[in-house]
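**Q** Here is a sequence together with a model predicted from it:
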Amino acid sequence: MKIRKSTESDLKDVLDVETQAFGNEKGPEIVGLVNGLLIDPTAMPLLSLLAVNDDKTIGHILFTKARITDSKESISAAILAPLAVLPDAQCQGVGGQLIEEGLRLLSESGVALVFVLGHPDYYPRHGFKPAGALGFEASYPIPNEHANAWMVQELRPGVIGSVSGKIICADVLNQPEHWRE
C-alpha cells in the first residue's frame, strides 16, 4: 500500500471511498462535505491523502485549516475530517497509516495542533487527547456524553497549555450538522 497526496483527477476515487465507507445513510452528507471543503477558500491550505493498493484507492483522509480564537499567539492548526476506508480494507491499519502520514506532513509544514471530532476509542491510539479538557472549545457545543469525541494532538511540543480558545474551521465544515458524533 502507498499513501500519496490526492490530485484533482482523483476526485471520483475520493468520493467513491467516502460513499462506500459511510454507506447510504451518511455517505451523501460526507460526499457533500468533502466536495465543499476541496473548493472552500477558508479550508486552505488543506492536505488530502489517498491510500492506494494495487492501483485501487482504498482510503482517504482530509485535513483543513483551522484557527483558534482568543489566542495571544498565532498558532497553525488543522482539523481532520473526514477519514474514510473502504469496508473491505478496514481493520487492517489503513486509517492509522493515513493519520500518521498526514500528521507527519502537517508537522513538517509547521502545523502545531490537529483537531478531530471522532470515535473516542480510535483516535487516542494515534495520539489524540480530549480537547475540551485542554482548553479547546469546538466550533459547536459537544454534548457532555460525547465530550471525549472532541480531540486534539500536539505536533509542536509545548503548545498545549500555552494556548486555548474556540476552534474555528472552514466555512463548509462550520455547520451544526457536521458537529454531531
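**A** Good, I have the coordinates.
**Q** so where is this protein shaky, pLDDT-wise?
**A** Across the chain, the ranges flagged by pLDDT under 70 are 71-72, 180-181.
**Q** and residue 19, what is it in contact with?
**A** With contact taken as C-beta atoms under 8 Å, 6 or more residues apart in numbering, residue 19 is in contact with 27, 28, 30, 31. Using the backbone N, CA and C atoms, a C-beta is placed for each residue, glycine as well.
**Q** mind listing which of these are in helices?
**A** Using DSSP state H, the subset of the contacts of residue 19 located in helices is 27, 28, 30, 31.
**Q** ok, now how distant is the first one from residue 60?
**A** Distance of residue 27 to residue 60, computed by C-beta to C-beta, to the nearest Å: 13 Å.
**Q** Pull the number of nearby residues for the closest residue to residue 162 other than its chain neighbours.
**A** With C-beta to C-beta, 6 or more residues apart in numbering as the criterion, residue 162 has its nearest non-adjacent residue at 6.8 Å, and that residue is residue 73. Neighbour count for residue 73, taken as other C-beta atoms under 10 Å: 9.
**Q** Which strand runs longest in this structure?
**A** strand 56-68 (DSSP state E).
**Q** Now do the helix or strand following that strand and strand 56-68, the angle between them.
**A** Going down the chain from strand 56-68, the next helix or strand is strand 77-85, by DSSP states H and E. Put simply, strand 77-85 runs at 160 degrees to strand 56-68, going by axes from the mean of the first three to the mean of the last three C-alpha atoms, to 10 degrees.
**Q** who does strand 77-85 pair up with?
**A** strand 56-68 (antiparallel), strand 113-117 (parallel) (DSSP bridges).
**Q** Deepest in the core, which of the ones you listed is it.
**A** Among those, the stretch with the highest mean neighbour count (mean count of other C-beta atoms under 10 Å) is strand 113-117, at a mean of 24.
**Q** Figure out how far it is from the centre of its chain.
**A** Centre-to-centre, strand 113-117 and its host chain are 6 Å apart (C-alpha atoms, centre = their mean, to the nearest Å).
**Q** try stretch 109-125
**A** So, by C-alpha atoms, centre = their mean, the centroid of stretch 109-125 is 7 Å from its chain's centroid.
**Q** now swap in stretch 2-19 and tell me
**A** 15 Å.
**Q** Okay, buried residues for that stretch please.
**A** The neighbour-count check on stretch 2-19 (16 or more other C-beta atoms under 10 Å) flags 3, 6, 10, 13, 14, 15, 16, 17, 18, 19 as buried.
**Q** Next, the contact list for the first one, please.
**A** Spelled out, it's residue 3. 49, 50, 51, 52, 97, 98, 101.
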